[in-house]
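Participant: Test case, fold it:
(one chain, ligands or ions: 1)
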Amino acid sequence: MSTIRIAIDGPSGAGKSSLAKAAAGALGFLYVDTGAIYRTIGLHIYREGVDPADQEAVTAELPRIQIDLRYEDGQQRMFLNGADVTEEIRLPEVSQYTSAVSALPPVRKFLLEMQRELARSHSVIMDGRDIGTVVLPDAEVKIYLTASAQARAERRMLELENQGTPQPYEDVLREIEERDWRDTHRDTAPLRRAENAVLLDTTALNFQESQAALLRIIQERMGPT
Ligand code: DC
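Facilitator: I've put the predicted structure just below:
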């Protein structure tokens, strides 16, 4: 039986992970958070004290990075050289490092095949920045999920508060805007809406409304199953 691929791209904080995870649960698909894979590289570079914008230095580290994904109770966990780093990759410093290293072509090349392989062996909902444009250009369903920078900053602030690491609104908004700029302006695989991707703007929607809208788009695109 052939697998089905659903690609969800969009800026950080648009709710991609939580919405994609919920939709994957509803459809019985595997959820792949590709941001977590990039973050694992960002964490290694951060720990090693390497300048994340120095392509040569970052490339020299790649052979020393072993990344594994494991699913425990349906949750994707990330392993860096054998150690579970699922929580650590969410630190704000790691987000900034990841945004910088993910702009480097050798890093993107290093991860491309790994992402494609996951979609060959399972029906997936994969979220990221270039899934519909580069990783899975033939995906059956493509969605561009976004929300205003202000709405995304408010949601991120709540998330950080719940994690016990609160930050002022202005700082969160600035970090989101900086990452948006870098993710959309890099030369290799910049964040952009694929031509045939359906736009879903969740600025004015709560989680339940966003989830219903996402499932509706997927069902319309997949047709009767
Ligand atoms: O989705 P996220 O915020 O966890 O992603 C972290 C960083 O990784 C983000 O700044 C952009 C980068 N990224 C990417 O370049 N390509 C992807 N497919 C996923 C993430």
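
Participant: Ile143 contacts Arg216, correct?
Facilitator: No: assessed by CB atoms under 8 Å, Ile143 is found out of contact with Arg216, at 11.0 Å. For glycine as for every other residue, the C-beta is placed from the backbone atoms N, C-alpha and C.

Participant: Who has more neighbours out of these two?
Facilitator: Between Ile143 and Arg216, counting by other CB atoms under 10 Å, Ile143 is the more crowded of the two (30 against 12).

Participant: other SSEs contacting whatever helix or strand the more buried one lives in?
Facilitator: For Ile143, the host element (DSSP states H and E) is strand 141-146. Packing partners of strand 141-146 (3 or more CB pairs under 8 Å, 6 or more residues apart in numbering; DSSP states H and E): strand 5-9, strand 198-201, helix 207-222.

Participant: and after it, which helix or strand comes next?
Facilitator: Next along the chain after strand 141-146, with elements defined by DSSP H and E, is helix 149-162.

Participant: contacts for that next one?
Facilitator: By CB atoms under 8 Å, 6 or more residues apart in numbering, the residues outside helix 149-162 that reach it are 11-15, 92, 147, 166-167, 169, 172-173, 176-177, 180, 202-203.

Participant: Format the CA atom coordinates belonging to stretch 145-154 as CSV.
Facilitator: What follows is stretch 145-154, C-alpha atoms only, in CSV (Å, rounded to 0.1, in the frame of the first residue of the first chain):
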residue,chain,number,x,y,z
LEU,A,145,0.0,27.4,8.3
THR,A,146,0.5,30.9,9.6
ALA,A,147,-0.6,33.6,12.1
SER,A,148,0.4,37.2,12.7
ALA,A,149,3.7,37.7,14.6
GLN,A,150,1.8,39.2,17.5
ALA,A,151,-0.5,36.3,17.9
ARG,A,152,2.4,33.9,17.6
ALA,A,153,4.4,35.8,20.3
GLU,A,154,1.4,35.7,22.6
